[in-house]
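A.B. asks: Generate a structure from the sequence data that follows.
(one chain, ligands or ions: 2)
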Amino acid sequence: MKVVVDLTRCQGYAQCAFAAPDVFTIQGDEALLYDPAPDDAQREKIVRAAAACPVQAIALERYDRFGREEVRRPHQPPEAVAHAAAVSPEEAFKRNGRIVIVGASLAGLQAGRTLRRDGFTGSLTVIGDEPYPPYDRPPLSKQVLIGQASARATALPRRDEIDAHWRLGVPATGLDLRGKHVLLADGQTVGFDRLLIATGLRARPWPNEAEARLDGMFTVRTPDDVEGLRQALTAGPGRVLVIGAGFTGCEVASACRELDLAVTVVDRGPAPLTGALGAVIGGVAAEMMRGHGVDLRCGVQVAALEGDGDGRLRRARLSDGSTLDVDVAVAALGSIRNVEWLEGSGLAAGVWGVGCDAGCRAFDLNGVVTDDVFVAGDVARSPHPVYGYQFLALEHWGNAVAQAEIAAHNMISAQSERWPHLALPEFWSTQFGTEIKSVGVPTYADHVVIAQGSVVERRFVAVYGYRGRITAAVAFNQAKWLEFYERLIDRAAPFPPSFRTVDEPADRRPVAAEVPDGPTPQATVVVTGHRPSERRATLVRKTYL
Ligand SMILES: Cc1cc2nc3c(=O)[nH]c(=O)nc-3n(C[C@H](O)[C@H](O)[C@H](O)COP(=O)(O)OP(=O)(O)OC[C@H]3O[C@@H](n4cnc5c(N)ncnc54)[C@H](O)[C@@H]3O)c2cc1C
Ligand code: SF4
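C.D. replies: Ligands and ions are numbered 1, 2, ... in the order given. Next up, the predicted model:
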């Protein structure tokens, strides 16, 4: 059977590990790892775990949380088009329209499920260039690398199996907006009335092509990448080099240490995770890595990689003049957005992703919204009112799910019933037995303060502020508090926090956040409402200095 846990929601209470210990395990205080494809014999225990989860974060294929097998309702063909003449254009579209989704992964699948759940009975085509059905990526750099799950076992549960025409293993190569069709690499075209772009990202390769081809070089994005890397790690290399200390690089280093392999992490920034969390909390991550035996070198770059006569990676030369003997290297250099197929389409698609409004409608090159083309997931870039209407491109699991739901809803709703995508960004990472979670945008900050817990014990909440209001919170092994801070961010609550907190540290003085590029002064809004249908932003007249 298939299992997926929404780790954005999970608060590490461990009831699942108690109910089904062979499937769910807790590392350290609250870092949850699980088997995404457990044996059917575990079904009863897993169903009990899903029912016990206080935040309902566990989704199972084919079974609801009470263990009842879900009945697959076959898609009812729409009534005759003549019938639709009596209904509104939106209702007629909902019954008989043609929707195409390009990108058959997390956002694409979630959008398809939402469309069917919300009553879209027209034709639905999902186009994906990978040969596999939609799968989950987060376990690839965690459970799969340490051997707790196989790279082929992370398929996403398609619980309410959507009735769609799946075109897998064939890339979209072009988009004709006027003719309203998508061009495929096999020469075929697929017509649409409305289109969802969900083509995500790919890993940025090592820039020197000859060096990137050396045997022993890897990136981490797909099951094939990770299967190769897993095999290389299992062969017991003398030393692994990780180039880049973002979340992926740190997770790979963590897996190496778990496998008792020597690992060096090289990053040109002042500390790991600086691009995402700033250098102050990055410094905490640096101590954590070194404490777990990682040879961490910051402020340094890899100048060259060298192979032997057989094309096997052997050595790395660093910008500080030092050399390292390495057998395996992982380029964890960030990502490239999959937008090439949109070239010439007239959409605002480029290195920044595909620009869209907060209702997920794509912009054309002039910055004018289109009404029939929508965008969701890692490839999207949309303005967020809470962050001064800055365009955010988020590479987060939770954002792909939330944005896909909003896009799908808006694709089949009348203009007046469309929703804005106002969910706050949320992210988690499991590394070195620690669960790191964030809500908000930590780099949208000028100061940071440890509001709860202890940095020394790696159990704390850091709260970020910008011009006197709270903009983000990052928790190390303290996920249960983030919901509280999420509400404060929505309300534009004052920073530094003046309220008393549980487990308050003696020193609660804010320090400079040391984020790479600080924001510029912007308007402030508050957001109200919990459900996507209710969330609305209101401008605050108060000036934050
Ligand atoms: C190793 C790893 C670990 C991660 N860990 C975490 C984590 O711990 N926490 C977290 O919040 N997030 C994590 N993420 C990020 C998360 O997985 C992504 O945010 C999520 O996968 C985004 O989904 P998506 O559907 O938008 O894009 P993608 O998953 O990138 O899917 C896009 C799909 O479109 C396909 N495609 C591209 N171009 C074309 C084309 N021209 N025609 C047809 N198909 C095309 C792609 O091949 C792909 O299948 C991790 C990602 C990776 C790679
Ligand atoms: S919150 Fe749910 S998924 Fe997370 S550890 Fe607890 S029971 Fe498991």
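A.B. asks: Touching, D446 and G465? I think so.
C.D. replies: Yes - contact criterion C-beta atoms under 8 Å: D446 and G465 qualify, at 6.9 Å. Where you see a C-beta, it was placed from the backbone N, CA and C, and this is true even at glycine.
A.B. asks: Spit out the residues that contact those two alike.
C.D. replies: Listed as contacting both D446 and G465 by C-beta atoms under 8 Å, 6 or more residues apart in numbering is no residue at all.
A.B. asks: So for these two, which sits in the more crowded spot?
C.D. replies: Higher neighbour count among D446 and G465: G465, with 23 against 18, using other C-beta atoms under 10 Å.
A.B. asks: so who does the spatially closest residue to L233 that is not a sequence neighbour touch?
C.D. replies: What sits nearest to L233 in space, not counting adjacent residues and going by C-beta to C-beta, 6 or more residues apart in numbering, is L259, at 5.8 Å. Shown in contact with L259 (C-beta under 8 Å, 6+ apart): L145, I146, G147, L233, T234.
A.B. asks: Tell me the buried residues within these.
C.D. replies: Burial by neighbour count, 16 or more other C-beta atoms under 10 Å: within these this picks out L145, I146, L233.
A.B. asks: What is the nearest of these to ligand 2?
C.D. replies: I146 (18.3 Å; C-beta to the nearest ligand atom).
A.B. asks: For the closest one, list the residues it contacts.
C.D. replies: Taking C-beta under 8 Å, 6+ apart as the test, what I146 contacts is A255, E258, L259.
A.B. asks: Now the residue nearest the centre of the chain: closest residue in space that isn't a chain neighbour?
C.D. replies: Residue closest to the mean C-alpha point of the chain, counted by C-alpha atoms, centre = their mean, is H396 at 2.1 Å. Distances taken as C-beta to C-beta, 6+ apart put F427 closest to H396, at 4.7 Å, once the chain neighbours are dropped.
A.B. asks: hang on, that neighbour is in a strand, isn't it?
C.D. replies: Yes - F427 sits within a strand when classified using DSSP: H, G, I helix; E, B strand; the rest coil.
A.B. asks: Surely it touches G398?
C.D. replies: Yes - counting by C-beta under 8 Å, F427 does reach G398; the two are 7.2 Å apart.
A.B. asks: which residues do those two both contact?
C.D. replies: Joint contacts of F427 and G398 (C-beta under 8 Å, 6+ apart) are T8.
A.B. asks: More neighbours: those two, which one.
C.D. replies: A direct count of neighbours by other C-beta under 10 Å for F427 and G398 places F427 higher, at 22 against 19.
A.B. asks: List the contacts of that one.
C.D. replies: By C-beta under 8 Å, 6+ apart, the neighbours of F427 are T8, F247, A276, H396, W397, G398, K437, S438.
A.B. asks: Please state the backbone phi and psi of the fourth one?
C.D. replies: Spelled out, that is H396. Note on H396: its backbone torsions stand at phi -120, psi 140 [degrees, to the nearest 10].
A.B. asks: So it versus E426, what's the distance?
C.D. replies: 7 Å (C-beta to C-beta, to the nearest Å).
A.B. asks: Could you do T8 as well?
C.D. replies: 5 Å.
A.B. asks: partner residues bridging the closest residue to ligand 2 within the stretch 301-450 of the chain?
C.D. replies: The stretch 301-450 of the chain approaches ligand 2 most closely through E435 (9.5 Å), counting by C-beta to the nearest ligand atom. E435 has these beta-bridge partners by DSSP bridges: T430.
A.B. asks: interface residues of the chain facing ligand 2?
C.D. replies: Counting by C-beta under 6 Å from any ligand atom, the chain comes close to ligand 2 at 5, 10-16, 24, 32, 53-55, 57-58.
A.B. asks: again, only using 5 Å
C.D. replies: C10, Q11, Y13, A14, Q15, C16, L32, C53, V55, A57 (C-beta under 5 Å from any ligand atom).
A.B. asks: Low-confidence bits of the stretch 1-150 of the chain, can you list those?
C.D. replies: Applying pLDDT under 70 to the stretch 1-150 of the chain flags residues 62-85.
A.B. asks: got the contact list for stretch 397-409?
C.D. replies: Contacts for stretch 397-409 (C-beta under 8 Å, 6+ apart): 6-8, 105-108, 110-112, 114-115, 118, 137-138, 196, 198, 200, 359-360, 374-378, 380, 382, 418-421, 423, 425-428, 532.
A.B. asks: just the residues you listed that are near ligand 1?
C.D. replies: Filtering the contacts of stretch 397-409 for neighbours of ligand 1 using C-beta under 5 Å from any ligand atom leaves S105, L106, A107, R137, P138, G200, G377, D378, F427, W428.
A.B. asks: Ligand 1 contacts on the protein?
C.D. replies: 103, 105-107, 128-130, 137-138, 140-141, 171-172, 199-201, 220-221, 338, 341, 377-378, 396-397, 400, 427-429.
A.B. asks: Look up the pLDDT of the closest residue to ligand 2 within the stretch 201-350 of the chain for me, please.
C.D. replies: With C-beta to the nearest ligand atom, the shortest gap between the stretch 201-350 of the chain and ligand 2 falls at E251, namely 18.5 Å. If you check E251, the pLDDT there is 98.
A.B. asks: gap between the helix or strand containing it and the chain center?
C.D. replies: Following DSSP states H and E, one finds E251 within helix 247-258. In terms of C-alpha atoms, centre = their mean, to the nearest Å, the centre of helix 247-258 is found 17 Å from the chain centre.
A.B. asks: Need the residues that contact it.
C.D. replies: By C-beta under 8 Å, 6+ apart, helix 247-258 touches 141-142, 145-146, 220, 229, 233, 240, 242-243, 245, 262-263, 265, 267, 272-273, 276, 285, 289, 292-294, 330, 332, 427, 429-432.
A.B. asks: Buried ones among those residues?
C.D. replies: For these, a burial check counting by 16+ other C-beta under 10 Å picks out 141-142, 145-146, 220, 229, 233, 240, 242-243, 245, 263, 265, 267, 272-273, 276, 285, 289, 292, 294, 330, 332, 427, 429-432.
A.B. asks: just the helices in the chain please.
C.D. replies: Per DSSP state H, the chain carries helices over the ranges 15-19, 43-52, 81-84, 89-96, 106-117, 209-212, 223-234, 247-258, 274-291, 397-411, 482-490.
A.B. asks: Tabulate those helices in JSON lines, adding columns for distance to M1.
C.D. replies: Output for the helices of the chain, formatted as JSON lines (distance: least, C-beta to C-beta, whole Å):
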{"stretch": "helix 15-19", "distance to M1": "14"}
{"stretch": "helix 43-52", "distance to M1": "6"}
{"stretch": "helix 81-84", "distance to M1": "40"}
{"stretch": "helix 89-96", "distance to M1": "33"}
{"stretch": "helix 106-117", "distance to M1": "17"}
{"stretch": "helix 209-212", "distance to M1": "38"}
{"stretch": "helix 223-234", "distance to M1": "19"}
{"stretch": "helix 247-258", "distance to M1": "25"}
{"stretch": "helix 274-291", "distance to M1": "34"}
{"stretch": "helix 397-411", "distance to M1": "21"}
{"stretch": "helix 482-490", "distance to M1": "29"}
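A.B. asks: do you know which of the ones you listed lies nearest A513?
C.D. replies: Nearest of the helices of the chain to A513, taken as C-beta to C-beta: helix 274-291 at 4.6 Å.
A.B. asks: Run through the neighbouring helices and strands of the closest one.
C.D. replies: Packing partners of helix 274-291 (3 or more C-beta pairs under 8 Å, 6 or more residues apart in numbering; DSSP states H and E): helix 247-258, strand 295-298, strand 434-440, strand 447-454, strand 459-466, strand 469-476.
A.B. asks: helices or strands up against the last one?
C.D. replies: So that's strand 469-476. So strand 469-476, by 3+ C-beta pairs under 8 Å, 6+ apart, packs with helix 274-291, strand 434-440, strand 459-466, helix 482-490.
A.B. asks: and what of the shortest one?
C.D. replies: On a contact count with 3+ C-beta pairs under 8 Å, 6+ apart, strand 295-298 meets strand 263-267, helix 274-291.
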